[in-house]
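A.B. asks: model the following, please.
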Amino acid sequence: MKKALSVIFVFLVLLVGCMGPPVRDPVKLDLSAPVGKIEDNQFIGIRYPFKVSAPPNWKVTMKYPDFMEALGYYKEGLEESQAFVFNPVTQSNLQIELTPAGKFATFDQKKIEEMVSGISGEFTSDVGKDYGTGTVLSPTVPISLKGVQYAAQKYGTFTVRGVKREQGWIYAFTEPYQIFILYIIQEKEGTSNNDREDLKKILDSFEVFSKK
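C.D. replies: From the prediction side, this is the model:
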């Protein structure tokens, strides 16, 4: 599954990078500016205009937790994300990356949902190869995120060493940024198992704001 988790971002970027008349000017980023800051368990972006908050029992960080590599993520892919939110007890986690859209890329809700659905086959195949188990896929559904024009979500559920895992991906666009959110929800015995409800709270807190 390491491959599926790592190629989601690249796969989607390539899909929307088709040629045609330019639709936007290149985004000018101040790479000397810090990525963001964390206040009261909330990430506030400086280089990219978004923010996200976490419940009290979760943590927000700009550096990925070490355990995420063991869950199947490549270090190189993790380093591209700007914010991470995780439950240190269950290791449920969410990572967020904003990246400028190419000057030729066009978006609508249908295209976003098609891209999200397009990952399903590779995801299911890699889960089978790495864990020897089947995956139950959710439908691809639109999702509402504050300050975002188009967004869609999909996830797969499967069991790894007796632990039920929901692994999902959200792809979104709001001018001029593509938004990538990957998450894992784990149901570990002996924990409160409120992570799915907490994930909803985290996504409800996510917002792309105007720099003006």
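
A.B. asks: dig out what the residue most central in space within the chain forms beta bridges with.
C.D. replies: Among the residues of the chain, residue 181 comes closest to the average C-alpha position under Cα atoms, centre = their mean, at 1.1 Å. On DSSP bridges, the residues paired with residue 181 through beta bridges are residue 96, residue 170.

A.B. asks: just checking, it touches residue 169?
C.D. replies: Yes: using Cβ atoms under 8 Å, residue 181 is in contact with residue 169, at 7.1 Å. No exception for glycine: its C-beta is placed from N, CA and C like everyone else's.

A.B. asks: how near is the closest residue to residue 86 other than its chain neighbours to residue 182?
C.D. replies: With Cβ to Cβ, 6 or more residues apart in numbering as the criterion, residue 86 has its nearest non-adjacent residue at 3.8 Å, and that residue is residue 93. Using Cβ to Cβ, to the nearest Å, one gets 9 Å for the distance from residue 93 to residue 182.

A.B. asks: the more surrounded of these two?
C.D. replies: Between residue 93 and residue 182, residue 93 has the larger neighbour count (other Cβ atoms under 10 Å), namely 25 against 22.

A.B. asks: quick one: contacts for the more buried one?
C.D. replies: With contacts taken as Cβ atoms under 8 Å, 6 or more residues apart in numbering, residue 93 has the following neighbours: 65, 68, 71, 84-87, 183-184.

A.B. asks: need the residues you listed in JSON lines (columns: secondary structure, neighbour count and distance to residue 44).
C.D. replies: Formatted as JSON lines, the contacts of residue 93 follow (DSSP: H, G, I helix; E, B strand; the rest coil; neighbours: other Cβ atoms under 10 Å; distance: Cβ to Cβ, whole Å):
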{"residue": "65", "secondary structure": "coil", "neighbour count": "19", "distance to residue 44": "20"}
{"residue": "68", "secondary structure": "helix", "neighbour count": "22", "distance to residue 44": "22"}
{"residue": "71", "secondary structure": "coil", "neighbour count": "18", "distance to residue 44": "26"}
{"residue": "84", "secondary structure": "strand", "neighbour count": "21", "distance to residue 44": "14"}
{"residue": "85", "secondary structure": "strand", "neighbour count": "29", "distance to residue 44": "13"}
{"residue": "86", "secondary structure": "strand", "neighbour count": "23", "distance to residue 44": "18"}
{"residue": "87", "secondary structure": "coil", "neighbour count": "24", "distance to residue 44": "21"}
{"residue": "183", "secondary structure": "strand", "neighbour count": "22", "distance to residue 44": "20"}
{"residue": "184", "secondary structure": "strand", "neighbour count": "23", "distance to residue 44": "24"}
